[in-house]
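*Asks:* Just a sequence and a predicted model for now, questions to come.
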Amino acid sequence: GQMNSIFLVIILIPIIEIYLLIKIGGQIGALITIILIFTTAIIGVYYAKYEGLNTLKSGFEQLRRNVAPTYEMISGAAIAFGALLLIIPGFVTDTLGFLIIFPISRKFIFNIFFKTPINNENKKNRKILEKVMNFFRILFNCIINFVQELGHLFYRHGLQEIHTLFLPRPPLSLLLYYTR
């Protein structure tokens with residue numbers, strides 16, 4: 001179901017990232033690649049902060065007009081998610097992060113994901129807000145479960161045997177190396 005597809009994405013993205021890092025690193029050199037990753041993370045987080053504050057401001061503006069700031073709430077959650085994607089090293093996550101943070105592309109993404117346009121007058125907003133919160137709940141549950149699983153593995157098998165445990169399963173071993 002929904003849980004499996006998110007888990008698949010959590011495993012697939014690092015594999016694509018590793019492939020791109022190796023390819024791009026081969027073209028422009030390892031050092032420049034690393035500098036690029038740090039630069040996008042720093043710029044991204046600052047821009048996310050700036051966009052987040054703008055969203056907060058317009059949210060308070062809506063509250064003052066006695067309108068529920070649904071769009072701002074969803075935007076705020078999306079910007080936080082975008083910032084998280086920018087912090088994670090890699091080109092795919094960076095691109096996604098920037099697309100979510102920029103207001104124009106964010107609106108475009110919202111329109112693709114949600115059939116009804118999100119604006120503060122729309123009555124269907126509750127459903128959309130619930131969908132967004134549900135997505136974040138599932139995502140965080142996935143991440144927490146994954147971290148707990150790793151914790152149990154480390155606890156049960158000790159640090160030395162852990163990589164032999166992962167070698168038979170390439171995606172997980174890649175993921176482990178990637179998250180270390």
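*Replies:* Cool, got the structure. Quick caveat, the model's predicted, so the values are computed rather than measured.
*Asks:* how about low-confidence regions in this structure?
*Replies:* 2-3, 115-126, 136, 139-148, 150-180 (pLDDT under 70).
*Asks:* how about the helices of it, start to end?
*Replies:* Per DSSP state H, the chain carries helices over the ranges 2-28, 30-64, 70-87, 91-101, 103-113, 125-166, 170-179.
*Asks:* how about these in JSON lines, adding mean neighbour count?
*Replies:* C-beta coordinates here come from the backbone N, C-alpha and C atoms, glycine included. Putting the helices of the chain into JSON lines (neighbours: other C-beta atoms under 10 Å) gives the following:
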{"stretch": "helix 2-28", "mean neighbour count": "14"}
{"stretch": "helix 30-64", "mean neighbour count": "15"}
{"stretch": "helix 70-87", "mean neighbour count": "21"}
{"stretch": "helix 91-101", "mean neighbour count": "20"}
{"stretch": "helix 103-113", "mean neighbour count": "13"}
{"stretch": "helix 125-166", "mean neighbour count": "13"}
{"stretch": "helix 170-179", "mean neighbour count": "15"}
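*Asks:* who touches S75 in this structure?
*Replies:* 55, 106 (C-beta atoms under 8 Å, 6 or more residues apart in numbering).
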